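A.B. asks: just a sequence and a predicted model for now, questions to come.
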Amino acid sequence: MRRRTKALPLSLSLVLLLTCGATTVTAEAAETVKRTAECQGDWLPATPAAADIMAGKVDFVGLPPVRVDKDVNWRTDPYRNRSWSMVFHSLRWMGRLVADYETSGESAYLARATEIAKDWVADNPRGGGGAKASPYAWQEHPIALRAPALVCLSKHVDAPWLSKSLAEHATVLSDPRRYEKGHNHGIDQDIALLGIGCRYKNTSWSNLAVRRLTETVKLDVDSQGVLREQAPRYAIYVYERLKVAMDRIEECGRKVPADISRRWESLEDFISHSTQPNGFMVPIGDGGADVRPVGYTHPKKTVRVFGNGYVYGRTAWDDPASAFYSIRFGPGLKYHGHEDHLGVTYYAQGRDVLVDVGFHSYENNPYRRWTMSPQAHNTPAVIGAAFRARTATTLSGSSIRDGRQSHRLTDRAYGVPRTRSVLVNHEQDVMAVLDTVPRGSRVGNVWHLARELSTVSNTGGRVVVKDRTGWKATLVQLSMPSCRPVDGLRVVQGLQNPYQGWVSPAYLRKQAAPAVLSPTSENALLTVVVPGVDNPAVSCSGGKVRLETAKGPVSFRAAGTGLS
């Protein structure tokens, strides 16, 4: 039978923790340093090296190193970058010193870690009092990430200031008003509270953490494994953090709730389907184009419709030359999502063709706001109508066959119905997209091409692009039902007022890339993308469209608002 311990009242816990007197290094650490689960954490690869920290240099989120004095200035904010400041106040870099002390026995690492943590506690009282306090210090995410680093330190340092601070962290983490339920921050908060509760055998804290975690996981990850935060790369983060949470629960002598383990396992399927044949995750929402999932097993299905807003299809697994596409729909924007509904991406013949512009940063500036807008995604617009943010989109139909799939989506993001039908033919590598709006409205669309592509020609409703190897692709646009080529396609690149023709290949990077802008039309717009060819023959008859591609002929029907 598992032994149960009764939680001590907070005040009594603090009394017991404060009776140890001045800061001391435990005898265990002084003689033979033992590696601990609390210190040998998953966060280590993302922290600066111990030697750099000891030399007074720290670097976070890919930005250049910053000098940190012995007496740390906690208001340091060299890049006016929220992510940098959040990591700075997480004190994970302090925890790196403790972890390396465990592996090396270098007592100077532990001494410096203790200095850093004690200085932070002294300079950043809760409530923001004092000239040295930083506004980032007690924000909810730094608290959640800092607490495990302080718990790690407490495995080797016994001091009233440290135990008192950890109890204060637990109080804040327990506050329901500060809890980010149904969000990855909530998972981090639960890991932090669980760690403090288990460290000091306070079952009221650890019970609350496990109970909240179970509820948050069921809200954040649906039964199909879709992360509801609307950015697939965050599914990797949640997957990894839930593994940490489950390990901590077991280390605490508890059983992992089945709801947590089931949702954790289901995330793997969503992560795999969100990964392109080149191994990089499709950059939807706040997800960089350089994110490369590693070690996730792929399922058997090559096409998957996820009810919370994603369609993914590919020709094969484990083949970098295979085709891949994504389509967005579902609930309105939240958390890490963008206004990308009805947006598509297309990868074919080992290359990105139609791309999402990607994620640049969390900074509230004009470029960030543009990357989140409909104009930064391959979407249709109702010209002259106001865009209604956070509008849900319905997937009203799908036809899925091995060689061909079609999907139809609709919403009222511009006050009137806009409908997009997408057809992908894998055998000849063709994507066709039909955009329709009601009579009396006008439609236009934008197509973002990969940064490796440059324009060869733009004439007669056709834009031909190529890469450095000479490989070519063609975008054809036709007015339907007449099937006449659309005149007036514009290819723009690197515009700044307003922004258009950019992609973000990595965090804080942006690069000019071609974007094709259609003229406005009273009629439906049919856009056909044909990879690997620069002059595909196109003809229409009785609602049937025929293409002559390099891989042979292909035909499909374009009738009303649908493709088949």
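C.D. replies: Structure received. Quick caveat, the model's predicted, so the values are computed rather than measured.

A.B. asks: what ranges do the helices span in the stretch 351-500 of the chain?
C.D. replies: 366-372 (DSSP state H, counting those that start in this stretch).

A.B. asks: ignore what I typed, I meant the stretch 201-350 of the chain.
C.D. replies: So, for the stretch 201-350 of the chain - with DSSP H, counting those that start in this stretch - the helices run 203-220, 232-251, 258-273.

A.B. asks: and residue 342, which of the ones you listed is closest to it?
C.D. replies: helix 232-251 (17.4 Å; CB to CB). Where C-beta positions appear, they are placed from N, C-alpha and C, glycine not excepted.

A.B. asks: counting by contacts, list what the closest one packs against.
C.D. replies: helix 184-199, helix 203-220, helix 258-273 (3 or more CB pairs under 8 Å, 6 or more residues apart in numbering; DSSP states H and E).

A.B. asks: re the thing from before, kindly reformat the helices of the stretch 201-350 of the chain as JSON lines containing distance to residue 147, mean neighbour count and mean pLDDT.
C.D. replies: Listed next are these as JSON lines, based on distance: least, CB to CB, whole Å; neighbours: other CB atoms under 10 Å; pLDDT from 0 to 100:
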{"stretch": "helix 203-220", "distance to residue 147": "11", "mean neighbour count": "20", "mean pLDDT": "97"}
{"stretch": "helix 232-251", "distance to residue 147": "12", "mean neighbour count": "20", "mean pLDDT": "96"}
{"stretch": "helix 258-273", "distance to residue 147": "20", "mean neighbour count": "19", "mean pLDDT": "97"}
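
A.B. asks: mind putting the helices and strands packed on helix 232-251 in TSV, distance to residue 467 included?
C.D. replies: Putting those into TSV (distance: least, CB to CB, whole Å) gives the following:
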stretch	distance to residue 467
helix 184-199	36
helix 203-220	39
helix 258-273	26
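
A.B. asks: closest to residue 499 out of those?
C.D. replies: That would be helix 184-199 among the helices and strands packed on helix 232-251, by CB to CB, at 28.2 Å.

A.B. asks: and that closest one, how far from the chain's centre?
C.D. replies: 21 Å (CA atoms, centre = their mean, to the nearest Å).

A.B. asks: stretch 248-261 now?
C.D. replies: Using CA atoms, centre = their mean, the offset of stretch 248-261 from its chain centre is 26 Å.

A.B. asks: picking up where we left off before, and residue 450, which of the helices of the stretch 201-350 of the chain is closest to it?
C.D. replies: The nearest among these, by CB to CB, is helix 232-251 at 18.7 Å.

A.B. asks: low-confidence ranges in the stretch 1-150 of the chain?
C.D. replies: 1-31, 43-45, 129-131 (pLDDT under 70).

A.B. asks: and residue 315, how far from residue 146?
C.D. replies: As judged by CB to CB, to the nearest Å, residue 315 and residue 146 stand 46 Å apart.

A.B. asks: look at the two and report which has more neighbours.
C.D. replies: Shown here are residue 315 and residue 146; by other CB atoms under 10 Å, residue 146 has more neighbours (25 against 20).

A.B. asks: which of the helices or strands spans that one?
C.D. replies: helix 140-154 (DSSP states H and E).

A.B. asks: show me the contact partners of that helix.
C.D. replies: Helix 140-154 is contacted from outside by 36, 38-39, 41, 43, 86-87, 89-92, 94-95, 98-99, 113-114, 117, 136, 162-163, 165-166, 169-170, 172-173, 178, 180, 185, 188-189, 191-193, 195-196, 199, using CB atoms under 8 Å, 6 or more residues apart in numbering.

A.B. asks: sorry, back to before: and of the helices of the stretch 201-350 of the chain, who's closest to residue 345?
C.D. replies: helix 232-251 (11.6 Å).

A.B. asks: just the CA atoms of that closest one, as PDB, please.
C.D. replies: Extracted C-alpha coordinates of helix 232-251, given in PDB (Å, rounded to 0.1, in the frame of the first residue of the first chain):
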ATOM      1  CA  PRO A 232       1.900  22.600 -34.800                       C
ATOM      2  CA  ARG A 233       5.500  23.300 -33.600                       C
ATOM      3  CA  TYR A 234       4.000  23.900 -30.100                       C
ATOM      4  CA  ALA A 235       2.800  20.300 -30.200                       C
ATOM      5  CA  ILE A 236       6.500  19.300 -30.000                       C
ATOM      6  CA  TYR A 237       6.900  21.600 -27.000                       C
ATOM      7  CA  VAL A 238       3.800  20.200 -25.300                       C
ATOM      8  CA  TYR A 239       4.800  16.600 -26.100                       C
ATOM      9  CA  GLU A 240       8.200  17.100 -24.500                       C
ATOM     10  CA  ARG A 241       6.900  18.900 -21.500                       C
ATOM     11  CA  LEU A 242       4.300  16.300 -20.900                       C
ATOM     12  CA  LYS A 243       7.000  13.700 -20.900                       C
ATOM     13  CA  VAL A 244       8.800  15.700 -18.200                       C
ATOM     14  CA  ALA A 245       5.500  16.000 -16.300                       C
ATOM     15  CA  MET A 246       4.900  12.300 -16.400                       C
ATOM     16  CA  ASP A 247       8.400  11.500 -15.200                       C
ATOM     17  CA  ARG A 248       8.000  14.000 -12.300                       C
ATOM     18  CA  ILE A 249       4.700  12.400 -11.300                       C
ATOM     19  CA  GLU A 250       6.300   9.000 -11.200                       C
ATOM     20  CA  GLU A 251       9.300  10.300  -9.400                       C
END
